[in-house]
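K.L.:
Quick one: sequence and predicted model below, then my questions.
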Amino acid sequence: MRNLAIELLGGPQDGYSIECLLTPPPYFLLPTPSKNVATIYYFERVCFSAGISRLRYVFSGYQAITAEELQELKGFEQQSNSLRSR
């Protein structure tokens, strides 16, 4: 079975790569250190290589978000971190 990873290109998360357990969305909003601002990464392409396939997402910019949306992103980030540490 092939493994699947998400790779982020450009922006503050440039070069980050994580194993993907579920079908990923067409874009990501990731929290930043700035209050109520998120980075946006859009799906670019699938890259196939021996043993692992990578879904490449490219930095598109920043987006203002509400305090509620920020809390949801941070909650998702904590859940993702706990999955990665297993």
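P.N.:
Happy to help now that I have it.

K.L.:
residues near Tyr41, how many?
P.N.:
25 (other CB atoms under 10 Å). Every residue, glycine included, has its C-beta placed from N, CA and C.

K.L.:
quick one, phi psi at the most centrally placed residue in the chain?
P.N.:
When CA atoms, centre = their mean is applied to the chain, the residue found nearest the centroid is Phe28 (5.3 Å). The phi/psi pair for Phe28 (degrees, to the nearest 10) reads phi -120, psi 140.

K.L.:
what do you get for Gln13?
P.N.:
phi -100, psi 20.

K.L.:
Grab the nearest non-local neighbour of Ile18.
P.N.:
Counting by CB to CB, 6 or more residues apart in numbering, Ile18 lies nearest to Ile6, which is 5.5 Å off, once chain neighbours are set aside.

K.L.:
Would you mind measuring from the residue nearest to the centre of the chain to Tyr57?
P.N.:
6 Å (CB to CB, to the nearest Å).

K.L.:
Now for those two: what residues contact both?
P.N.:
Leu8, Tyr41 (CB atoms under 8 Å, 6 or more residues apart in numbering).

K.L.:
how about the helices of this structure, start to end?
P.N.:
Using DSSP state H, the helices of the chain run over 67-84.

K.L.:
so where is this protein shaky, pLDDT-wise?
P.N.:
1-2, 21-22, 76-86 (pLDDT under 70).

K.L.:
one more time with 50
P.N.:
1, 82-86 (pLDDT under 50).

K.L.:
Can you list the residue ranges for strands in it?
P.N.:
Remark: strands assigned in the chain by DSSP state E are 3-9, 17-19, 27-31, 37-49, 52-64.

K.L.:
Cheers, nothing more for now.
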